[in-house]
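Student: Generate a structure from the sequence data that follows.
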Amino acid sequence: MTIRSADSQTAHTIVPAPQASNLPPEVLEAARRMGVLGQLPQVVQLTGELFGDSFEVHAEEDPEIANWTYLVFTVRVPGTVEDALRRNAAWCRRLPHDAREIPGAFCLSIDFQS
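Tutor: Take a look at the predicted model:
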């Protein structure tokens, strides 16, 4: 695991999939507060299956909604826009059902690389 950057609000981590236990404490604590800690390992595994062995995960506070945090999975997608859209749709469809019950808890950010 390599810490890419960290401050009091955001911690970015490169995570070898599917090891959710490698996530920084800030991410684990945010997932616990949001009630999605149990789904986090599944989302880490899913992200690894669709986007490869490394990606960034960080907890991000919403600037407009008090006490709301997003768990953001930032992935790099080489290739075509169509491929990026296909993987994005698959990620959304395959999120654990109970994770989808909390809108916005898990967010996907795609760094498209053509």
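Student: residue ranges with poor pLDDT in this structure?
Tutor: Counting by pLDDT under 70, the chain contains low-confidence residues at 1-21, 114.
Student: measure the residue nearest the centre of the chain to residue 50 for me?
Tutor: The centroid of the chain falls nearest to residue 73 when counting by Cα atoms, centre = their mean (2.4 Å). Using Cβ to Cβ, to the nearest Å, residue 73 is found at 10 Å from residue 50. Just so you know, the C-beta spots here come from the backbone N, C-alpha and C atoms, and that holds for glycine as well.
Student: With residue 29 instead?
Tutor: Distance from residue 29 to residue 50, by Cβ to Cβ: 26 Å.
Student: same deal with residue 67?
Tutor: Residue 67 sits 30 Å away from residue 50, going by Cβ to Cβ.
Student: between the two, who's got more neighbours?
Tutor: With neighbours defined as other Cβ atoms under 10 Å, residue 67 and residue 50 compare such that residue 50 has more, 18 against 7.
Student: give the contact list for that one.
Tutor: Residue 50 sits next to 75, 87, 90, 91, 94 when contact means Cβ atoms under 8 Å, 6 or more residues apart in numbering.
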